[in-house]
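Undergrad: This is a predicted model, with the sequence first.
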Amino acid sequence: MTFVTASKFHARAVDHLALAVGTTKGLFFVSDSALDGPFLAGDAVGAFAQLPGRLLAASTGTRSEPTVRGSDDGGLSWNELGAIPATLPADGGAEPVAVWQLHVDRRPGAEGTIWAGLDPAVLMRSDDRGDTFELVRGLFGHPDRPTWEPGRCGLALHSVITHPQRPARVVVAISSAGVYRSDDGGDNWAACNEGIEARALPDPSPGVAWCVHKLAVDALNPDVLWAQTHSGVYRTGDAGEHWEPVGHVGHANGLPSDFGFPIVSHPAQPETAYVVPLESDIYRCTSQGRCRVYRTTDGGFSWEALADGLPGTNAYLTVLRDAFSVGSEPPYPLVFGSKSGHVFASMDSGDSWRLVASYLPPILCVRVLD
């Protein structure tokens with residue numbers, strides 16, 4: 001294998017697959033023929049973002065607070081930005097545990113705006129390319145907060161979606177609190193969980209305190225959202241006002257399991273989404289030891305298993321919620337990584353896959369580099 005520097009890596013990204021892979025032991029840059037890293041060695045890198053001229057990585061060390069680090073030289077060197085406060089306001093009764101999401105706001109007029117999702121159910125905003133972050137108090141002080149229940153990995157705010165035509169709309173998802181939407185830039189928030197079932201709870205429709213694992217937004221209609229949850233896949237056509245199940249066991253041409261973590265949508269094909277089902281809440285590995293990505297191209301009415309190039313036997317993989325990514329430019333590479341350190345990529349919308357890295361530390365997040 002040929003090793004290259006991080007700066008050369010990004011220079012190659014125009015013509016070659018180039019990825020940032022965050023793991024429990026640092027950040028790696030991966031392509032078809034090269035591996036560079038680890039950077040931030042020893043830190044768990046749970047979120048990554050790319051802006052013009054700057055890379056951002058959220059990391060947590062064994063003896064350090066969660067922080068956001070920035071690189072302005074293509075990933076060769078990293079500086080702590082001092083962006084995440086060490087403590088949250090006293091009235092919240094919580095301290096930051098981990099940064100789960102870094103979302104770049106690409107709406108006109110929002111250049112340089114970054115949204116950060118943290119455990120415990122905290123949303124922060126930066127308007128200076130990540131140099132500083134401010135707490136979004138409207139969500140932090142939401143009256144539902146006392147009802148929110150942490151999942152196995154905590155109370156993680158893991159998904160942030162900004163509406164391209166509505167500059168004041170932000171949608172987030174929290175495990176285990178569900179989906180919340182603001183239409184005024186973050187001052188006020190409404191629960192948007194109607195229709196999402198909580199079959200493991202005494203009340204199957206609690207409205208709040210339910211585990212949505214990941215959100216994705218449709219390519220052409222930003223009011224269409226997808227949710228991979230603890231109990232199946234859901235779709236909404238009205239920005240979360242009501243959700244419909246589209247990926248349950250027993251559904252027409254359905255999925256092999258109701259459980260899973262990641263979901264991504266194709267950036268150029270409407271009503272097209274991808275999931276990696278896992279077998280049960282307790283087991284959390286690919287069903288029957290077969291690694292499969294499932295795709296719908298009709299809004300969830302039917303799903304097809306994509307298996308070409310993926311291991312079909314003795315493949316007990318776990319793919320976490322932020323370890324599946326799709327590129328924003330043709331051919332729109334699809335990439336996912338596993339807790340066993342393997343990275344698979346597709347350059348043809350999932351029809352075929354190939355292994356591009358293996359034996360990395362457990363993978364927490366993957367991003368296709370522009």
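TA: Received, thanks. Numbering: from 1, shown residues only.

Undergrad: what stretches of the protein score poorly on pLDDT?
TA: Counting by pLDDT under 70, the chain has low-confidence residues at 1-15, 62-64, 82-83, 85-94, 199-209, 249-253.

Undergrad: Please repeat the previous calculation with a cut-off of 50.
TA: 1-5, 7-15, 252 (pLDDT under 50).

Undergrad: Can you show me the helices along it?
TA: Under the criterion DSSP state H, the chain carries helices at the ranges 6-11, 137-140.

Undergrad: Could you check how far residue 117 is from residue 271?
TA: Residue 117 is 26 Å from residue 271, where distance means CB to CB, to the nearest Å. Just so you know, the C-beta spots here come from the backbone N, C-alpha and C atoms, and that holds for glycine as well.

Undergrad: All the strands of the stretch 201-350 of the chain, residue numbers only.
TA: With DSSP state E, counting those that start in this stretch as the criterion, the stretch 201-350 of the chain has strands at 212-217, 225-229, 232-236, 244-247, 259-265, 273-279, 285-286, 293-296, 304-306, 324-326, 334-337, 343-346.

Undergrad: I'd like the ones you listed as TSV, with distance to residue 315 and mean neighbour count appended.
TA: Listed next are the strands of the stretch 201-350 of the chain as TSV, based on distance: least, CB to CB, whole Å; neighbours: other CB atoms under 10 Å:
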stretch	distance to residue 315	mean neighbour count
strand 212-217	21	24
strand 225-229	20	28
strand 232-236	21	25
strand 244-247	21	20
strand 259-265	15	23
strand 273-279	12	25
strand 285-286	6	22
strand 293-296	12	22
strand 304-306	13	16
strand 324-326	16	24
strand 334-337	13	27
strand 343-346	11	24
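
Undergrad: Which of these sits closest to residue 370?
TA: Closest approach to residue 370 among the strands of the stretch 201-350 of the chain is made by strand 324-326 (11.5 Å; CB to CB).

Undergrad: Find the nearest non-adjacent residue to the spatially most central residue of the chain, please.
TA: Centroid check for the chain by CA atoms, centre = their mean gives residue 322 as the closest residue, at 3.2 Å. If the residues on either side of it in the chain are set aside, residue 322 comes closest to residue 365, at 4.1 Å by CB to CB, 6 or more residues apart in numbering.

Undergrad: residues touching residue 237, list them.
TA: Contact partners of residue 237, counting by CB atoms under 8 Å, 6 or more residues apart in numbering, are 221, 223, 224.

Undergrad: Return the distance of it relative to residue 165.
TA: In this structure, residue 237 and residue 165 are 15 Å apart, going by CB to CB.

Undergrad: One more: residue 224?
TA: Residue 224 is 13 Å from residue 165, by CB to CB.

Undergrad: more crowded one of these two?
TA: residue 224 (20 against 8; other CB atoms under 10 Å).

Undergrad: Setting the sequence-adjacent residues aside, check what's closest to residue 99.
TA: Per CB to CB, 6+ apart, closest to residue 99 is residue 58, 3.4 Å.

Undergrad: Could you pull up the residues touching the one you found?
TA: When contacts are counted by CB under 8 Å, 6+ apart, residue 58 touches 45-48, 66-69, 98-100, 102, 116.

Undergrad: circling back: in TSV: the strands of the stretch 201-350 of the chain, plus distance to residue 361.
TA: Listed next are those as TSV, based on distance: least, CB to CB, whole Å:
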stretch	distance to residue 361
strand 212-217	21
strand 225-229	24
strand 232-236	29
strand 244-247	30
strand 259-265	18
strand 273-279	19
strand 285-286	18
strand 293-296	22
strand 304-306	26
strand 324-326	18
strand 334-337	10
strand 343-346	12
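
Undergrad: Residue 257: which of the contacts of residue 237 is nearest?
TA: residue 224 (23.4 Å).

Undergrad: Which residue ranges of the stretch 1-150 of the chain form strands?
TA: Counting by DSSP E, counting those that start in this stretch, the strands of the stretch 1-150 of the chain are 18-23, 26-31, 35-39, 44-51, 54-60, 67-71, 79-80, 98-104, 114-119, 122-126, 134-135.
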